[in-house]
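Trainee: this is a predicted model, with the sequence first.
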Amino acid sequence: MKTYTYPIFAKTIYRFANFPITFFLFLYVIITAVESFQKIYFVIPLIVNIIIIYYLNRYYFRSYKVTPFKIEIDNKKISCSDFYLSNKKVDLNWLEITEIKGGIFAGSQTSPIYLISEPQKITIKINHHLKNYNEFLTMVLQNIEQKLYDELLSTMKNYAELKNAALRKEKKEK
């Protein structure tokens, strides 16, 4: 069984970055709320900051539910644990994974990968800062069903072709 974890810096950012940002935005909300009694145009930054606080924390709280910070893989299953504010442990057999999206499978090197199991209604989010990320992807691709592997491979080829076509078009325009 192989274990994958995040470096301490990445783990800290994924878990706690919203706290200081929310704190400073909340201070700004208080200041703009007080100023809005004197000058009405301070209502606009007040509303914008409240919206930013809402969506930032909504993103983080949703991410807490699906991001494990300890992942163990063997040839039969993937076990995920160390979720933020939760003691849950998720075990997925490789055959239960029905979809993998995001990351390199969506044409982006830096976006997270989502392992989705429709029968269990489970989504697991894996960020690219995972230690030995490429080795992790190799293990996932080796163990998933052949049909899903073929779909991912064709999707990656399509994204590569689109990217190459865009680069050729850009070169012609220069």
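Mentor: Received, thanks. This is a predicted model, so every value here is computed, not measured.
Trainee: secondary structure class for the residue of the chain most remote from its centre?
Mentor: The centre of the chain is farthest from one residue, residue 38, which by CA atoms, centre = their mean lies 41.9 Å away. Of the three states, residue 38 takes coil under DSSP: H, G, I helix; E, B strand; the rest coil.
Trainee: 650 is where my numbering starts, stick with that
Mentor: Fine by me, first position is 650 from now on; the one you just mentioned is residue 687.
Trainee: list the contacts of it.
Mentor: Under the criterion of CB atoms under 8 Å, 6 or more residues apart in numbering, residue 687 has no neighbours. Just so you know, the C-beta spots here come from the backbone N, C-alpha and C atoms, and that holds for glycine as well.
Trainee: ditto for residue 668
Mentor: Shown in contact with residue 668 (CB under 8 Å, 6+ apart): no residues.
Trainee: confirm it sits in a helix?
Mentor: Yes. The assignment for residue 668 by three-state DSSP puts it in a helix.
Trainee: spatially central residue in this protein, please.
Mentor: The chain, centroid-nearest residue using CA atoms, centre = their mean: residue 761 at 3.8 Å.
Trainee: output the contacting helices and strands for the helix or strand of the chain with the lowest mean pLDDT.
Mentor: Least confident helix or strand, the chain: helix 795-822 with a mean of 81, by mean pLDDT, DSSP states H and E. Applying 3 or more CB pairs under 8 Å, 6 or more residues apart in numbering; DSSP states H and E, we find helix 795-822 packed against strand 748-751.
Trainee: so which residues make contact with the strand it packs on?
Mentor: 757, 760, 761, 762, 763, 764, 765, 767, 789, 793, 797, 801.
Trainee: now swap in stretch 765-782 and tell me
Mentor: By CB under 8 Å, 6+ apart, stretch 765-782 touches 653-656, 659, 663, 712, 715-717, 720, 727, 729, 739, 741, 745-750, 752, 758-764, 785.
Trainee: in strands, which of the residues you listed fall?
Mentor: Those of the contacts of stretch 765-782 mapping onto strands are 653-654, 717, 720, 727, 729, 739, 741, 748-750, 762-764, per DSSP state E.
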